[in-house]
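*Asks:* give me a model of this one.
(one chain, ligands or ions: 1)
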Amino acid sequence: MSALTNDLKKLTELAENNVKADGAFREKLHLMPPVGWLNDPNGLCQFNGVYHAFFQYSPFNAQGGVKMWGHYTSDNMIDWEYQGVMLYPDQPFDCSGVYSGSAFIEDGEMYLYYTGNVKLEDRDDYDYINTGREANTVLVTSRDGKHFSRKKELMRNTDYPADLTLHVRDPKVWKQDGTYYMIQGARTKSDVGQALIFRSEDRLNWEICSRVETEEPFGYMWECPDYFEVDGVKILSASVQGLTGEEWADRNVYQSGYFRLNGDITGEYDLSDYCLWDYGFDYYAPQSFETGDGRRIQIAWMGMPDCEEYTNRTLEEGWQHCFTFPREVYVENGVVRQRPVRELDAKKQKIKDASGHLEDEGHPVYEAYISGIADGQFRAVLGEELTLEYKDGRFSMRFSDQSKESVSAGRNVRYADMPELENVRILTDVSSVEVFVNDGEYVFTTRYYPAEASVRVDAPGAEIELAAI
Ligand code: FRU
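*Replies:* Numbers count the residues shown, from 1 in each chain. Just a heads-up that it's a prediction; the model follows:
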């Protein structure tokens, strides 16, 4: 281990040992950083029966700093055991951050592909878009999920198409008909967001084979692209920067969503309209993987980059952000849907059932399921400040107070229009809420900071089930 790696390791452990483990806003079910900052999920996989989740981690700065990969493992995707930092920014090709990437499993080996970020010295003539940075594609392997090989640099900016800016990142790898493919996000010199597809015969030597974009430019940068097929539907997911005006005007600063792809992603294809994965405040950079039993699981960062409108009161406790609860992505009646992983069922303890109206206090972590909603009549108030409501064909999530010290920490309202409301599943944790509407056709995710746990549901004629977790 180099002197730099050694010091980074010691400093990380020091920071982790100093954290207040009993912070009032720490989550029970959701993966959080031990201390400091977390963003994207990385390297998600099930390897030799164990789930692995790596995360973008800045232990020294809860507002974000140099990124490394923290590592958790789990047997059920709910109880996560922290394994320490697996990848430090300790090489010339990743010295400004071990950026996002993914895991590919084959023949008992875990292949982790990531972006080595390099920001060159501060100079006035660098814009850090076309000059002053590097985005290197790097590989690390492991046979046991505990010990990792040396890092191997596979590609650098000169290996990517010449009309791109230096913003190329977030590799995700899959295998199709005996060939390996890698997707990466990119920004062209004319500010168009794209996904690049590379191919390889040996997982080491890669060449560009196609570039995916929409007919009309769609944002200036696509981050964390993902490509998979679920229940016969091909999905291209991308976290898009630069969507403004019209339908994007009262939404988040950046978007995470997907296109349905018809045809061949490496050849001729059409893309559907872009659909949001989530309509709430805190959702970005989702990544998916397939479990041994064939489920497509997606986990996102429950946070939002470059967001000035609202904040997180966990900063008072020295940490910020968590992952979303793992979701199964599936297609039913032609609609792409999401639901919490079924492992959650084993954790539920029934509190009560009611018809039309229910109130409860004192359970911060619960699932409320409201079904058989009649004539769209639905309203729920959580923690006295967060109202979920359906009115005139619009489902909304609204906080009553927008001050940064309140339950919302600055959040206001998010909504989606839908012709009917049939059912709502609310999953809360100590400081987060995820709402699955109409069997997960729409999802709303947010952080929140209630003083006391409480829930009140009004839905005349509907069945309401409440379970503590
Ligand atoms: C998305 C992202 C990625 C990048 C990583 C850096 O949130 O910007 O594109 O690899 O975060 O932390």
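
*Asks:* how about the residues of the stretch 151-300 of the chain by the ligand?
*Replies:* 169-170, 223-224, 284-285 (Cβ under 6 Å from any ligand atom). C-beta here means a position set from N, CA and C on the backbone, and glycine is covered the same way.

*Asks:* for the stretch 151-300 of the chain, give me the ranges with low pLDDT.
*Replies:* The model of the stretch 151-300 of the chain has no residue with pLDDT under 70.

*Asks:* of all residues in it, which one is closest to the ligand?
*Replies:* Residue nearest to the ligand within the stretch 151-300 of the chain (Cβ to the nearest ligand atom): Glu223, separated by 3.7 Å.

*Asks:* any idea what that residue is bridged to?
*Replies:* Beta-bridge pairing of Glu223 under DSSP bridges involves Ser239.

*Asks:* ok, now how distant is the spatially closest residue to Gly232 that is not a sequence neighbour from the ligand?
*Replies:* Ranked by Cβ to Cβ, 6 or more residues apart in numbering and with sequence neighbours excluded, the top spatial neighbour of Gly232 is Val331, at 7.2 Å. According to Cβ to the nearest ligand atom, to the nearest Å, Val331 stands 26 Å off from the ligand.

*Asks:* residues making contact with stretch 336-345?
*Replies:* With contacts defined as Cβ atoms under 8 Å, 6 or more residues apart in numbering, stretch 336-345 is touched by 29, 76-78, 230, 233, 235, 258, 260, 275, 277, 295, 297-298, 325-331, 367, 425, 427, 434, 436, 439-441, 443, 469.

*Asks:* and the residue lying closest to Arg425 once chain neighbours are set aside, which of the three is it?
*Replies:* Spatially, and ignoring its direct neighbours in sequence, Arg425 is nearest to Phe436 (4.2 Å; Cβ to Cβ, 6+ apart). Here Phe436 takes the strand state, with states given by DSSP: H, G, I helix; E, B strand; the rest coil.

*Asks:* how about Phe436, what does it touch?
*Replies:* Going by Cβ under 8 Å, 6+ apart, Phe436 touches 338-340, 424-427, 442-443.

*Asks:* likewise Gln63?
*Replies:* Gln63 makes contact with 37, 315, 320, according to Cβ under 8 Å, 6+ apart.

*Asks:* tell me the phi and psi of it?
*Replies:* In terms of degrees, to the nearest 10, the main-chain angles of Gln63 are phi -100, psi 10.

*Asks:* mind pulling up the pLDDT for it?
*Replies:* Note on Gln63: pLDDT of 96.

*Asks:* re the thing from before, what is the burial count for the residue nearest to Gly232?
*Replies:* Applying other Cβ atoms under 10 Å, we find 15 residues neighbouring Val331.

*Asks:* check which helix or strand it maps to.
*Replies:* Per DSSP states H and E, Val331 falls inside strand 327-332.

*Asks:* quick one: the residue nearest to Arg425 from Gln338, how far?
*Replies:* Distance, Phe436 to Gln338, by Cβ to Cβ, to the nearest Å: 7 Å.

*Asks:* how about Asp75?
*Replies:* Asp75 is 22 Å from Gln338, by Cβ to Cβ.

*Asks:* rewinding a little: neighbours of the residue of the stretch 151-300 of the chain closest to the ligand, how many?
*Replies:* 25.

*Asks:* about what we covered before: mind putting the contacts of Gln63 into a markdown table with pLDDT?
*Replies:* Listed next are the contacts of Gln63 as a markdown table, based on pLDDT from 0 to 100:
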| residue | pLDDT |
| --- | --- |
| Trp37 | 98 |
| Leu315 | 96 |
| Gln320 | 97 |
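
*Asks:* reformat these into a markdown table and put distance to the ligand next to each item.
*Replies:* Shown next, in a markdown table, are the contacts of Gln63 (distance: Cβ to the nearest ligand atom, whole Å):
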| residue | distance to the ligand |
| --- | --- |
| Trp37 | 9 |
| Leu315 | 18 |
| Gln320 | 13 |
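
*Asks:* I'm done for today, thanks for sticking with me.
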